[in-house]
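Engineer: Based on what follows, work out the 3D shape:
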Amino acid sequence: MVPTSRATFFALVDLAQFEFKLRLIQLSRYPLCARDVLLTSWPSSPSYRDVQLGPDELSSAASGLPVKIDRLSPGWLPSRIRQVQSPGKWALDLSEFNCAFRANGGFDPGSVALVGVERACGSTICGIPLEDDMILAIPAGTNVTATVLPGFIYAVAVVPTAIWTEIQEVAAGASIEQFSDRPAAVRLGNNDARSIRCQMKSIADHLGRVAIDSALPELPPGAFMEYLGAVADAFAGAAGLETGTAGSTGRHRRQASAAEDFIRSHIREDIPVIRLCKEVGVSRRQLEYAFRTTFSVTPLEFIRALRLNEARRLLTTARADGLSVTTIAMDVGASHLGRFAANYRLFFGESPNETLRRASRL
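Structural biologist: Model (predicted):
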């Protein structure tokens, strides 16, 4: 970076603040236990929460990204979600997940997400195998798919695309004609990664205290912009890893993704593994390996998990739609009601009838 780049950076911050009318506004006290506020769409006033969410509540865990969640294994441990959001379409998420699930959703069309991975635990986002100390950039409007495994810890900064592009230009020392339309990742050195994580946690701690006592900024605060500058420097100094990973790993993930698409579109049908192999064009052993690599479960376990998750979604609205447990089980392709009920209880800690009764009281 040229010697004047830091001064240019701060001048750019001032310009961005002016252009986006980024100003401080007062915020009344916002309770930390506000679990009923879904922070997936941009709020009309700044919002903050630090909550424990169960596996059924994780659709609101990512700012700017309402997602569909399908559990991949049993478990009831809550995940910790810390979120700061502004009407100016910037956000900060710090999350630690304690369950395995598959997530699908469309990211905000006007913002970029920068995912700093502390502990990957074999998780993937947009087909990219995550690693500890990696930063992933997700462009605006991306259709995001993620496989999250227990122990996954990350921090996400969400920022308007125009601001991020200008910050990148400062880091690169040149004009960037167009921000990449594909997710890309860079691996940081241990010291750099540790420093960036400390910045993120410090920012979150500070904003959390501010949210309790007085006001949150509508604009990305100076420390937040400094963090974005550090991330831009990391991308400018290293070649990104593209979504289409090379070699057998990328091929296996594409095979698993194709199989997932087929399963979701035929969820009510009988889907033996041999049929899935023919649809994807691979051997049984190849498909098994692809699913183990991508989802950490077998194809049959994945199919069963998707059926159970779809049944749970239907059960929460069953009374309003006049549906019974038996009808729903058949609708999701369950061929044995007793086995379906046993697997459902194992996955969700309650019987299908208990879910139905609880939903009817809401």
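Engineer: Excluding residues flanking it in the chain, which one is nearest Ser324?
Structural biologist: Ala318 (7.2 Å; CB to CB, 6 or more residues apart in numbering). The C-beta positions use only the backbone N, C-alpha and C, and glycine is treated the same way.
Engineer: Quick check, pLDDT for Leu106.
Structural biologist: Not Leu; residue 106 is Gly. Note on Gly106: pLDDT of 86.
Engineer: which strands and helices sit next to the longest helix seen in the chain?
Structural biologist: Counting residues, the longest helix found in the chain (DSSP state H) is helix 190-213. Applying 3 or more CB pairs under 8 Å, 6 or more residues apart in numbering; DSSP states H and E, we find helix 190-213 packed against strand 47-53, strand 79-85, strand 91-96, strand 111-119, strand 153-160, helix 222-236.
Engineer: Of these, which shows the lowest average pLDDT?
Structural biologist: Across those, helix 222-236 gives the lowest mean pLDDT, at a mean of 81.
Engineer: what's the angle from that one to strand 91-96?
Structural biologist: Here helix 222-236 runs at an angle of 70 degrees relative to strand 91-96 (axes from the mean of the first three to the mean of the last three CA atoms, to 10 degrees).
Engineer: helices or strands next to helix 222-236 in the packing?
Structural biologist: Looks like helix 222-236 contacts helix 5-19, strand 111-119, strand 134-138, strand 153-160, helix 161-172, strand 184-187, helix 190-213 (3+ CB pairs under 8 Å, 6+ apart).
Engineer: how about those in CSV, adding distance to Leu346 and mean neighbour count?
Structural biologist: Output for these, formatted as CSV (distance: least, CB to CB, whole Å; neighbours: other CB atoms under 10 Å):
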stretch, distance to Leu346, mean neighbour count
helix 5-19, 51, 14
strand 111-119, 27, 23
strand 134-138, 33, 23
strand 153-160, 26, 24
helix 161-172, 43, 20
strand 184-187, 35, 19
helix 190-213, 35, 16
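Engineer: These into JSON lines, with extra columns for distance to Arg275?
Structural biologist: Shown next, in JSON lines, are these (distance: least, CB to CB, whole Å):
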{"stretch": "helix 5-19", "distance to Arg275": "53"}
{"stretch": "strand 111-119", "distance to Arg275": "35"}
{"stretch": "strand 134-138", "distance to Arg275": "33"}
{"stretch": "strand 153-160", "distance to Arg275": "36"}
{"stretch": "helix 161-172", "distance to Arg275": "42"}
{"stretch": "strand 184-187", "distance to Arg275": "34"}
{"stretch": "helix 190-213", "distance to Arg275": "44"}
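Engineer: Show the subsequent helix or strand relative to the helix or strand containing Arg264.
Structural biologist: Assessed by DSSP states H and E, Arg264 sits inside helix 247-265. Later in the chain than helix 247-265, the nearest helix or strand by DSSP H and E is helix 273-280.
Engineer: what's next to that following helix, contact-wise?
Structural biologist: Helix 273-280 is touched from outside by Gln255, Ala258, Ala259, Phe262, Ile263, Ser283, Arg284, Gln286, Leu287, Pro299, Leu300, with contacts defined as CB atoms under 8 Å, 6 or more residues apart in numbering.
Engineer: In the chain, which residue is most central in space?
Structural biologist: Central residue of the chain (CA atoms, centre = their mean): Ala62, 5.3 Å from the mean position.
Engineer: Look at it and tell me its secondary structure.
Structural biologist: coil (DSSP: H, G, I helix; E, B strand; the rest coil).
Engineer: Grab the nearest non-local neighbour of Asn309.
Structural biologist: Nearest to Asn309 is Asp70, by CB to CB, 6+ apart, at 4.1 Å.
Engineer: contacting residues for the one you found?
Structural biologist: Counted by CB under 8 Å, 6+ apart, Asp70 has contacts Phe101, Arg102, Ala103, Ala305, Leu306, Asn309.
Engineer: Based on its surroundings, how many neighbours for Ser265?
Structural biologist: Applying other CB atoms under 10 Å, we find 9 residues neighbouring Ser265.
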